[in-house]
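> Got a predicted structure plus its sequence, pasted below:
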Amino acid sequence: MERPNQKRNNTSKPAKFAKPLARAPRRVLARDLENSIISRAISARRVRRVAASLTVGSIALLGILTVVATFSPVLSVQQVTVVGTQRLNPEEISKALAGQIGKPLPLLNQDEIAQSLAGFTLIESFAATALPPNGLQISVSERQALCIIEIEGALWLHDPAGVRIALAQPTDLLPRILITEEPTSSQRFRDSVDVLLALPVELLAQVEVIQANTKDDVQMSLRGSLGQRISWGDSSDAVLKAKVLQALIANNQGATGVTFDVSSPNAPVVRFDNF
């Protein structure tokens, strides 16, 4: 028994709380792993589906914009400009291309334009350039005269292909090719042209007459009253022949009745009519 005056000792030591035990890692069950893989696969499919939808939408939008831009009246031909002409009338060429008016610029057809220009024999080549929003520019390269051919008593300018360009004028100091047949089908014309194209510009200007008797026998006469002639031979060694010929002419300036034979350029011969 406790004594009445004796105080009850209620003092007690603080309780010690037990330190929580570390939890063991939860065992990953096969079912949990399977669910995780399925969830990731579903998410990946959703991402791909969204990306595919965006791609298809972008392509469709691009296609619509392309169609609209292609067939829009804003981008159709309303004006044709012709540049590069010398002998031809640019207005006549523009009229020949009237069928291109109203066509969308992206749908211009080079073959159709070429057919429209087929009647202009002086056009050697052309380039069609679209000039947005509604312009079409035709850059023309005309045939350039290389020689003169007499046809039925008239002297005509011709290009290297044998196409007749225009009547020759007294100021047209070009070589005259001596043939009687149609130049476009003449082998003698082609042999003569091969030689003329091989000559330097300054030497070409001195040639008055050229004649290809055969493929291996091309003869030329120089301008002036000196009666100087050239025996060229065939079309081989053209560069060497031209250099040798220039040297022979320079060494025999003022000589009359002379023939410069460069048919064998490594052994050229100068023949005088008086000997």
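Yep, it's here.

> And the helices in this protein?
30-71, 90-96, 110-116, 187-198, 201-204, 238-251 (DSSP state H).

> Does residue 132 touch residue 76 like I think?
No. Applying C-beta atoms under 8 Å as the test, residue 132 and residue 76 come out as separate, 10.4 Å apart. The C-beta positions use only the backbone N, C-alpha and C, and glycine is treated the same way.

> Between these two, which contacts overlap?
residue 105 (C-beta atoms under 8 Å, 6 or more residues apart in numbering).

> Looking at these two, which is more packed in?
Taking neighbours as other C-beta atoms under 10 Å, residue 132 and residue 76 compare with residue 76 leading, 19 against 9.

> ok, the more buried one - contacts?
102, 103, 104, 105, 134.

> Now restrict these to buried residues only.
When the contacts of residue 76 are checked for burial by 16 or more other C-beta atoms under 10 Å, the buried set is 104, 105, 134.

> Relative to residue 253, which of those is nearest.
residue 105 (59.9 Å; C-beta to C-beta).

> So what sits opposite residue 230 in the bridge?
residue 220, residue 260 (DSSP bridges).

> what's near enough to touch it?
207, 219, 220, 221, 222, 245, 259, 260, 261, 262.

> Using neighbour counts, trim these to the buried set.
Buried among the contacts of residue 230 (16+ other C-beta under 10 Å): 207, 219, 220, 221, 222, 245, 259, 260, 261, 262.

> Out of these, which two sit at the greatest distance?
Taking C-beta to C-beta, no two of the buried ones among the contacts of residue 230 sit farther apart than 207 and 261, at 15.8 Å.

> Please report the number of neighbouring residues for residue 269.
Residue 269: 12 neighbours (other C-beta under 10 Å).

> need the contact list for the residue lying closest to it once chain neighbours are set aside.
Nearest residue to residue 269 in three dimensions, chain neighbours excluded: residue 261, at 4.1 Å (C-beta to C-beta, 6 or more residues apart in numbering). By C-beta under 8 Å, 6+ apart, the contact list for residue 261 reads 230, 231, 268, 269, 270, 271.

> Would you convert those into a markdown table that also reports pLDDT and distance to residue 252?
Conversion of those to a markdown table gives the following (pLDDT from 0 to 100; distance: C-beta to C-beta, whole Å):
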| residue | pLDDT | distance to residue 252 |
| --- | --- | --- |
| 230 | 97 | 12 |
| 231 | 97 | 14 |
| 268 | 96 | 11 |
| 269 | 96 | 12 |
| 270 | 96 | 6 |
| 271 | 94 | 11 |
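
> Can you list the low-confidence ranges for the stretch 51-200 of the chain?
Scanning the stretch 51-200 of the chain for pLDDT under 70 picks out 51-74.

> what do you get if the cut-off is 50, keeping everything else the same?
Applying pLDDT under 50 to the stretch 51-200 of the chain flags the ranges 61, 63-70.

> Can you tell me which of the buried ones among the contacts of residue 76 comes closest to residue 164?
residue 105 (35.7 Å).

> Among the contacts of residue 261, pick out the one closest to residue 168, please.
Closest to residue 168, out of all of the contacts of residue 261 and judged by C-beta to C-beta, is residue 230, at 22.0 Å.

> From residue 248, how far off is the closest one?
Taking C-beta to C-beta, to the nearest Å as the measure, residue 230 falls 9 Å from residue 248.

> repeat for residue 137
When residue 137 is compared with residue 248 (using C-beta to C-beta), they lie 49 Å apart.

> Compare these two (neighbour count), which wins?
Between residue 137 and residue 248, counted using other C-beta under 10 Å, the more crowded position is residue 248 (19 against 15).

> Quick check: closest non-adjacent residue to that one.
That would be residue 260: by C-beta to C-beta, 6+ apart, it lies 4.6 Å from residue 248.

> mind saving the C-alpha coords of stretch 264-275 as PDB?
Output of stretch 264-275 as PDB, limited to C-alpha atoms (Å, rounded to 0.1, in the frame of the first residue of the first chain):
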ATOM      1  CA  SER A 264      50.600  19.600-146.500                       C
ATOM      2  CA  PRO A 265      51.100  22.100-143.700                       C
ATOM      3  CA  ASN A 266      54.400  20.600-142.600                       C
ATOM      4  CA  ALA A 267      55.800  21.200-146.100                       C
ATOM      5  CA  PRO A 268      54.000  24.300-147.500                       C
ATOM      6  CA  VAL A 269      54.700  25.600-151.000                       C
ATOM      7  CA  VAL A 270      54.500  29.100-152.500                       C
ATOM      8  CA  ARG A 271      54.000  29.000-156.300                       C
ATOM      9  CA  PHE A 272      54.300  32.100-158.500                       C
ATOM     10  CA  ASP A 273      52.500  32.200-161.800                       C
ATOM     11  CA  ASN A 274      55.500  33.800-163.500                       C
ATOM     12  CA  PHE A 275      57.700  30.700-162.800                       C
END
